[in-house]
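> below is the structure, and that's it, no one-letter string:
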DNA sequence: GATTCACTTCATTTTGAATTGAAGAATCGC
DNA sequence: GCGATTCTTCAATTCAAAATGAAGTGAATC
């Protein structure tokens, strides 16, 4: 049972959220105590689950989710505060997200802090998963399968026959997968 | 770094492997000390990695891999011995594999033990992954997204506009994914 | 119906990834 | 330069999933 992630994702609804610099809409028709914070929390949770589904630390997802649901860019400190994570996690997570091109850092002119915004395209996320997680692993298994096929030599003829067939079968699936992934990428692009 | 799994998968190449009941080919042209055991070990490793790639305990993969590379069905004890895992792990792993229809149990007539053989079709494996791991999670996220969309009410008009757009975008990707998975299944079938 | 053997269950332990947080580095304004 | 502020690093900690193994269950044999 893969646990719905993130018992946290900020429990604290303290004062008003919305710590962003510029904008300052008159709170106008604000309904719930802080509806925006709730939505941000929700998004953080959703993306946290998604992240660990594809084998990434869920904090990565939380951070991205928060930014995705935040109109204005956030500083690292704001992220730390809202998600209630450590500075270390935030720092590393942001670095990774920037590498993945899922988040854009922005050190504005006279500012001291760097602020981060989510790129709204999710494609990089997906294709990063395909390229960095699936492809390399598939490649490695294929190589290993090839090694095994070579090792068949030293087998009794009957075992040799059986295993050659079976290894061939496994290899066939690897080939299929290897053909599909690029195909999926193309589909995502279209 | 997801560690290439399974430092074990049986280190011990003790005496002769091949503990299977019936067959007993004259070892004929046996080259390496025990080539069959090596291949089995290799397969166990490959499938262990694959298993944890898709979020299953790697022991599941080891067991399946071993059976996949074993001409004759194996008893639980033989599996425990060859993979050097505990009876508990083997018992639970086999149960799961049988549920997944990846392995067939066979309590032969006058025998006391149940012997297990790998089903060679890998399709069940793949489609199980799609159906039991991906689909449900995607469904859950979709629901959660819908909830968030409803929560937009209590937002300032400008935030509302921004977030409606963004949530819509996330939802679009979910829909795409939801369309693709069945499509992949069909491809696997063909 | 007692004994043996095959298997299951589950409380405990192990393990390894994720997280923390404080110390150090870097950067900026003065 | 100096101090203040932001960010990075990494050894130590936490935590949950996986593995263990011994006690329990059940079935087959005599």
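Arrived safely. The structure presented is a predicted model; accordingly, all values stated were derived computationally and were not measured.

> distance of the nearest residue to residue A:174 once chain neighbours are set aside relative to residue B:99?
Excluding the flanking residues, the one nearest residue A:174 by CB to CB, 6 or more residues apart in numbering or on different chains is residue A:142, at 4.9 Å. C-betas here are computed from N, CA, C, even on glycine. Relative to residue B:99, residue A:142 is positioned 28 Å away (CB to CB, to the nearest Å).

> and the residue of chain A that's closest to DNA strand C?
residue A:88 (2.0 Å; CB to the nearest atom of the strand).

> is stretch A:40-54 in proximity to DNA strand D?
No: for a cut-off given as CB under 7 Å from any atom of the strand, stretch A:40-54 has no contacts with DNA strand D; the smallest distance is 9.3 Å.

> and the contacts of that stretch?
A:2, A:4-6, A:9-10, A:17, A:57-66, A:68-70, A:82-83, A:129, A:133, B:55, B:133-134, B:137, B:140-141, B:144-145, B:147-148, B:151, B:167, B:170 (CB atoms under 8 Å, 6 or more residues apart in numbering or on different chains).

> filtering the residues you listed by proximity to DNA strand C, which remain?
Subset of these in contact with DNA strand C: A:57, A:58, A:59, A:60, counting by CB under 7 Å from any atom of the strand.

> nearest to DNA strand D, of the residues you listed?
Nearest to DNA strand D among these, counting by CB to the nearest atom of the strand, is residue A:58 at 10.1 Å.

> what's the closest non-adjacent residue to that closest one?
Closest to residue A:58 by CB to CB, 6+ apart is residue A:48, at 4.0 Å.

> circling back: could you say which helix or strand contains the residue nearest to residue A:174?
Using DSSP states H and E, residue A:142 sits in helix A:135-151.

> which element follows that helix toward the C-terminus?
helix A:157-189.

> isn't there a helix covering residue A:105?
No: read with DSSP: H, G, I helix; E, B strand; the rest coil, residue A:105 is strand and lies in no helix.

> residues contacting the closest residue to residue A:97 other than its chain neighbours?
In this structure, residue A:97 finds its nearest non-sequential neighbour in residue A:103, 3.9 Å apart by CB to CB, 6+ apart. Residues in contact with residue A:103 (CB under 8 Å, 6+ apart) are A:63, A:64, A:67, A:94, A:97, A:116, A:117, A:118, A:119.

> on that earlier part again, please report the distance of the residue of chain A closest to DNA strand C from residue A:54.
According to CB to CB, residue A:88 and residue A:54 sit 22 Å apart.

> likewise residue A:163?
33 Å.

> same thing with residue A:135?
Distance, residue A:135 to residue A:54, by CB to CB: 13 Å.

> name the nearest residue to the residue nearest the centre of chain A, sequence neighbours excluded.
The structure's chain A has its C-alpha centroid closest to residue A:51; by CA atoms, centre = their mean the separation is 4.1 Å. Nearest residue to residue A:51, sequence neighbours excluded (CB to CB, 6+ apart): residue A:61, at 2.9 Å.

> state the pLDDT value of that neighbour.
Here the pLDDT value assigned to residue A:61 is 96.
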